[in-house]
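Student: when you get a sec, could you give me coordinates for this:
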Amino acid sequence: MKKLIIVRHAKSSWEYDVIDHERPLKSRGVSDAHLISSIIQEENFQIDKVISSDALRAKSTAEIFIENLGLNPHLVGYIHKLYDFEGGNLLKVIKECDDTVSCLMVFGHNHAITNFVNTYGSQKIFNVPTSGVVVIEFDILSWKDLNLGKTLKTFFPKSFKIQ
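Tutor: So this is what the prediction gives:
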């Protein structure tokens, strides 16, 4: 069995004159990333590896999760290929993951994230929101054999905020 914890980066800011790759998080993004990472910390996932897009907003989101989950920073890799909006590179990077990794956490971008969870998960999700987390379990021994899995849980900020 393999478990994938897939995370869409937190809400980013458009107020700075920077290239897309260098957009920082908005304050709401920072607070949402702290909220969701503290909630999934209670799930006690045994994460073996973390990979993230190298875009600033994805890296910043990953760093918040890593700190709040108490993960070893040596488990983390930043991969430019995950700066992917269509999903082809996302799929390729996951399939290339070492088979010693049972639980993989990935930080990336939409539409790649929503497309992936709708293609490989068992629950249709209209749109994975920023800071949204989807957990999918696969009945496989090797990541290269990735096929339809079972969506176990979703963690979306709106579900945990007091209205």
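Student: contacts and neighbour counts: CA atoms only from here.
Tutor: Noted.
Student: which positions within the strand or helix carrying V117 qualify as buried?
Tutor: In this structure, V117 sits in helix 112-120 according to DSSP states H and E. If you call a residue buried by 16 or more other C-alpha atoms under 10 Å, then helix 112-120 has these buried ones: 112-118, 120.
Student: over to stretch 117-135?
Tutor: Of the residues in stretch 117-135, those with enough neighbours to count as buried (16+ other C-alpha under 10 Å) are 117-118, 120-121, 123, 128-135.
Student: any chance of JSON lines for these, columns distance to Q41 and pLDDT?
Tutor: Conversion of the buried residues of stretch 117-135 to JSON lines gives the following (distance: C-alpha to C-alpha, whole Å; pLDDT from 0 to 100):
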{"residue": "V117", "distance to Q41": "21", "pLDDT": "97"}
{"residue": "N118", "distance to Q41": "24", "pLDDT": "97"}
{"residue": "Y120", "distance to Q41": "24", "pLDDT": "98"}
{"residue": "G121", "distance to Q41": "22", "pLDDT": "97"}
{"residue": "Q123", "distance to Q41": "23", "pLDDT": "96"}
{"residue": "V128", "distance to Q41": "20", "pLDDT": "97"}
{"residue": "P129", "distance to Q41": "19", "pLDDT": "97"}
{"residue": "T130", "distance to Q41": "18", "pLDDT": "97"}
{"residue": "S131", "distance to Q41": "14", "pLDDT": "97"}
{"residue": "G132", "distance to Q41": "14", "pLDDT": "98"}
{"residue": "V133", "distance to Q41": "12", "pLDDT": "98"}
{"residue": "V134", "distance to Q41": "14", "pLDDT": "98"}
{"residue": "V135", "distance to Q41": "13", "pLDDT": "98"}
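Student: mind listing the residues bridging to the nearest residue to K153 once chain neighbours are set aside?
Tutor: Nearest residue to K153, sequence neighbours excluded (C-alpha to C-alpha, 6 or more residues apart in numbering): V135, at 5.2 Å. Under DSSP bridges, the beta-bridge partners of V135 are I5, K153.
Student: which helices and strands sit right next to the helix holding V117?
Tutor: Taking 3 or more C-alpha pairs under 8 Å, 6 or more residues apart in numbering; DSSP states H and E as the contact definition, the neighbouring helices and strands of helix 112-120 are strand 2-8, helix 88-95.
Student: thanks again, I'm all set now.
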